[in-house]
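[1] let me see the structure of the following:
(one chain, ligands or ions: 2)
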Amino acid sequence: QTIDRESIRAAVGAIDTQAIIDNDAHDRNWLNYGLNYAETRFSQLDSINTENVGQLGLEWSYNLNSTRGVQSTPIVVDGVMYVTGSWSIVHALDALTGEPIWVYDPEVPGDFGERGCCDVVNRGVAVYDGMVFVGAFDGYLHAIDAATGDRVWVTDTIENREMSYTITGAPRVINGNVLIGNGGAEFGVRGYISAYDAASGEMSWRWYSVPGDPSEPFENASMEMAADTWDPSAEYWLAGGGGTIWDAMAYDPDLNLLYVGTGNGSPWNQHLRSPAGGDNLFLASIVALNPDTGDYVWHYQNTPGDTWDYTSTQHIILADLEIDGEIRQILMQAPKNGFFYVIDRVTGEFISAEPFVEVTWATGYDETGRPIEAAGARSRTEPWETIPSAYGAHNWHPMSFNPETGLVYIPAQGVPLVQSTDPAWQLNSHQPMSTMSGVGWNLGYLFNVVAPEATPFGHLLAWDPVEQREVWRAEYVSPWNGGTLTTAGNLVFQGTADGRFMAYDATTGQVLWQTPVTSGVVAAPATWEHEGQQYVTIAVGWGGVYGLMQRATDRVGPGRVFTFRVGGETPMPEAEISDRLDLVEGVPYDPDHVGEGLAIYVSNCLFCHGVPGVNNGGAIPNLGYSTAHTLINARAWILDGAGVDNGMPSFADRLSEEDVTRLVAFIQGTADAVRPQ
Ligand SMILES: O=C(O)c1cc(C(=O)O)c2c(n1)C(=O)C(=O)c1cc(C(=O)O)[nH]c1-2
Ligand SMILES: [Ca+2]
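    Ligands and ions are numbered 1, 2, ... in the order given. The predicted structure follows:
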């Protein structure tokens, strides 16, 4: 049975703000990134439940034909699925068969890849009034005809293309406006969120999250208030200040409030950004805005004076919880900094915050909602290991909240890092030896000066937000596991870094079902119902910032979408396994060049390609697994842009032929070091 365009047009044409709210009554469709405007990722569908989840089987799979990270939560409307792959490519599929209806490629230029910190990822689309909206990695917001895949309009969300703004997040549509923020605070940008009229693509409003140059007129009163919390002596506005709104949004239709999470400072190091300190509003905060005007309503700052990349862009969930005998309208967040927050969503009043992992930067929160910082958490002189690290105790991977168990299911983790102030830091300078400076990162810190003491971990954490305590956990072999979904069937679903898709009993944490999938998973699952049948869908494709240069499974399959149902009998596609390559012979190699090659490598290559030979790489190949062919042609890759279409930039503007020789010597040297004598 084929899906006709008129029915697609009618189905997506019927979606407005009220339709998204009404879907909560039955949850047959998945209409918004986090399922509903409260972003609970709790589905009331229960025909898949603890009794029969063990009989889940594959219904269909679809090859996204990508090698980079896949972070998309699929949107499903009356039997049609809209899912994105890497490079912001949108796939419209027949949700019952996985057959493509159309594919829309926003044609992000390959050399835009290095403008993002964290892989060329996209978290999904929004649907509204007959259209599908995608924020492309290069900052253009596209409106696509849901039935045909034709472009309706496109608009540029980037106000200054000299700065490395990107988009990775999913848009939301509220009251006729398409809302989208940007990424870029690792490079130096000024964060903001923009609203566009869904019908015309005209900008309705824009709210900046940090002040601009205070000698210019303030855009609004919230910017004036924010400017008081910054030290202008280091001219913070030149690096943009940061505070990017790159992921979380939630909406309360009764209060008509939009909640957004804001990111870290640019540069990360507060001593360099605002030398006299200060809270640096509105970095690392939850902010309530009027979704129709963009007017500021209230804020709560999780991490005042951020200096650790403690973004508060992590998932925000709205719920009504009984706290001290009273039903409170609250929101919940588990941001990078390792504390779980419960905040009054009407007023922004702080209710509670407790650590959900080990935390060393603060000992807790006082009654007013301010962290009590640990001594030494901002050392200027010594290398220090903060826990959590910049990878976050929880990153963008969505959590979920089940009102029936009362638990939040958090993909929690620890990725140890040691950092120290970069003595040579200068705004936008590409100096050698500053970690990542060769690719434009603007942090003010160096990494891996000494080995971290903590050990990496990843687990699924079931957290009671009222009692603020752990109820159960499921340990994984690695950090960086997928987002979660919970259902009225008393289930929690999650994909894992080591390439499995799991179902747990939501109350006890018992594993009820699992299947290997063909790649590590970072995205969150969705569930939906069509003609009385419930399905569960997960998009797989290893990547994102942790997945760029390492993986937790030898399965290296392409991005794929898998849809399961009870009794599904389609065989899983074969997994592709990567092999370790032999040491490269026959490429000129002067051991005297290794030291210089290392310096060039650290500044330009390390962050994406990893430490050569340590593992087989992540979404980006490890150079210790290079072939002779790659090394012989190193110049073509590094200077001539042979890989630009795949995201490997040309370094002709920053590296010379001699540098290439030294880089190759360094890569050869790492292979030489492990060669059997
Ligand atoms: O500061 C920013 O603007 C920004 C943007 C993004 C992004 O857009 O993906 C990430 C981060 N920061 C970040 O700190 C981070 O850990 C991160 C992980 C990922 C990812 O997709 O795996 N993105 C981002
Ligand atoms: Ca960041």
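[2] now do the closest residue to ligand 1 within the stretch 501-650 of the chain against L606, distance only.
    In the stretch 501-650 of the chain, no residue comes nearer to ligand 1 than G544, which is 2.6 Å away by CB to the nearest ligand atom. The way it works is simple: take the backbone N, C-alpha and C, and place the C-beta from them, glycine included. G544 sits 17 Å away from L606, going by CB to CB, to the nearest Å.
[3] the more surrounded of the two?
    Set G544 next to L606 and count neighbours by other CB atoms under 10 Å: G544 wins out with 25 against 20.
[4] pretty sure that one sits in a helix.
    No: counting by DSSP: H, G, I helix; E, B strand; the rest coil, G544 is not part of a helix but coil.
[5] give me the number of residues near the spatially closest residue to it that is not a sequence neighbour?
    Residue nearest to G544 in three dimensions, not counting chain neighbours: G69, with 4.7 Å by CB to CB, 6 or more residues apart in numbering. For G69, the count of nearby residues is 30 (other CB under 10 Å).
[6] in space, what's closest to D295 - neighbours in sequence excluded?
    L289 (6.6 Å).
[7] from what I see, the one you found and L258 are in contact.
    Yes: here L289 reaches L258: they are 4.8 Å apart, a contact under CB atoms under 8 Å.
[8] got the residues of this protein near ligand 2?
    Within the chain, the positions near ligand 2 by CB under 5 Å from the ion are A185, N264.
[9] which ones are touching the spatially most central residue of the chain?
    The residue lying closest to the centre of the chain (CA atoms, centre = their mean) is W396, at 4.0 Å. Applying CB atoms under 8 Å, 6 or more residues apart in numbering to W396 gives the contacts Q71, R123, T168, D247, T313, Q314, H315, G544.
[10] which among the residues you listed gets closest to Y391?
    Nearest to Y391 among the contacts of W396 is G544, at 9.8 Å by CB to CB.
[11] now do the contacts for that closest one.
    G69, Q71, C118, D119, V121, N395, W396, W480, V522, A619.
[12] try 7 Å
    G69, Q71, C118, D119, V121, W480, V522 (CB atoms under 7 Å, 6 or more residues apart in numbering).
[13] which pair of these spans the longest distance?
    V121 and W480 (12.6 Å).
[14] for ligand 2, what's its nearest residue on the stretch 51-200 of the chain.
    A185 (4.8 Å; CB to the ion).
[15] quick one: neighbours of that residue, just the number.
    36.
[16] ok, it to T537 distance?
    31 Å.
[17] that older thread, return the closest of the contacts of G544 with respect to E385.
    For those, the nearest to E385 is W480 (19.0 Å; CB to CB).
[18] spatially nearest residue to the closest one (excluding sequence neighbours)?
    Y546 (4.1 Å).
[19] and Q514, by the same measure?
    Per CB to CB, 6+ apart, closest to Q514 is M502, 4.7 Å.
[20] the one you found in helix, strand or coil?
    M502 - assigned by three-state DSSP - is strand.
[21] point me to the helix or strand that includes G597.
    helix 594-604 (DSSP states H and E).
[22] report all helices and strands that that helix contacts.
    Under the contact criterion of 3 or more CB pairs under 7 Å, 6 or more residues apart in numbering; DSSP states H and E, helix 594-604 touches helix 657-673.
[23] what's the average pLDDT for the helix it packs on?
    Across helix 657-673, pLDDT averages out at 86.
[24] show me what that helix is packed against.
    helix 594-604, helix 634-638.
[25] most tightly packed of those?
    Across the helices and strands packed on helix 657-673, averaging neighbours per residue (mean count of other CB atoms under 10 Å) puts helix 594-604 on top, at a mean of 20.
[26] off-centre distance for the helix or strand following that helix?
    Where DSSP H and E defines the elements, the next helix or strand beyond helix 594-604 is helix 606-609. Computed by CA atoms, centre = their mean, to the nearest Å, the chain-centroid distance of helix 606-609 equals 18 Å.
[27] is there any residue in helix 606-609 that contacts ligand 1?
    No: residues of helix 606-609 contacting ligand 1 under CB under 6 Å from any ligand atom: none, with a closest distance of 12.3 Å.
[28] and stretch 176-192, by the same measure?
    Yes: among the residues of stretch 176-192, G183, G184, A185, E186 lie within reach of ligand 1 under CB under 6 Å from any ligand atom.
[29] who touches the residue lying closest to V359 once chain neighbours are set aside in this structure?
    Nearest residue to V359, sequence neighbours excluded (CB to CB, 6+ apart): G338, at 4.1 Å. Neighbour list for G338: P355, F356, V357, V359, P388, A393 [criterion: CB under 7 Å, 6+ apart].
[30] please report how far G338 lies from ligand 2.
    With distances taken as CB to the ion, to the nearest Å, G338 is found 16 Å from ligand 2.
[31] same thing with A375?
    In terms of CB to the ion, A375 sits 25 Å off from ligand 2.
[32] no further queries at this time; thank you.
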